[in-house]
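>>> can't give you the sequence, but here's the structure:
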């Protein structure tokens, strides 16, 4: 379950951001998670709930996870498409020369908090 270590890293970054910005309570962490990361949102949510229960900084925090679907574009015909079943062949011209444009993300989009 790599989601636990992912959430530990996210929370470490959030703690550092809180320290740098004099935030006393984190109220929301918004993540963007691409489908190709194989990070399961439910497992990430469970890991966050477990880890946040041990820290006052996160006692009122909500974790929002925005899943990013798989998106690609063809370098041959310049068409954009959503690959079906991880088949990276252009459905317009059948070229295998495709570029992945979305679905590999895993980052903190924003953190909300209170200074009081």
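Happy to help now that I have it. In this text the structure is predicted, and so the values were computed from the model without any measurement.

>>> now do the longest helix along the chain: which elements does it pack against?
The longest helix of the chain (DSSP state H) is helix 2-20. The contact analysis (3 or more Cβ pairs under 8 Å, 6 or more residues apart in numbering; DSSP states H and E) places helix 2-20 against strand 25-34, helix 41-52, strand 106-114. C-beta: built from backbone N, CA, C; applies to glycine.

>>> and if we set it to 10 Å?
strand 25-34, helix 41-52, strand 62-68, strand 106-114 (3 or more Cβ pairs under 10 Å, 6 or more residues apart in numbering; DSSP states H and E).

>>> partner strands of the first one and their direction?
So that's strand 25-34. Paired with strand 25-34 in the same sheet, following DSSP bridges, are strand 62-68 (parallel), strand 106-114 (antiparallel).

>>> mind listing what's buried in it?
The neighbour-count check on strand 25-34 (16 or more other Cβ atoms under 10 Å) flags 25-26, 29, 31-34 as buried.
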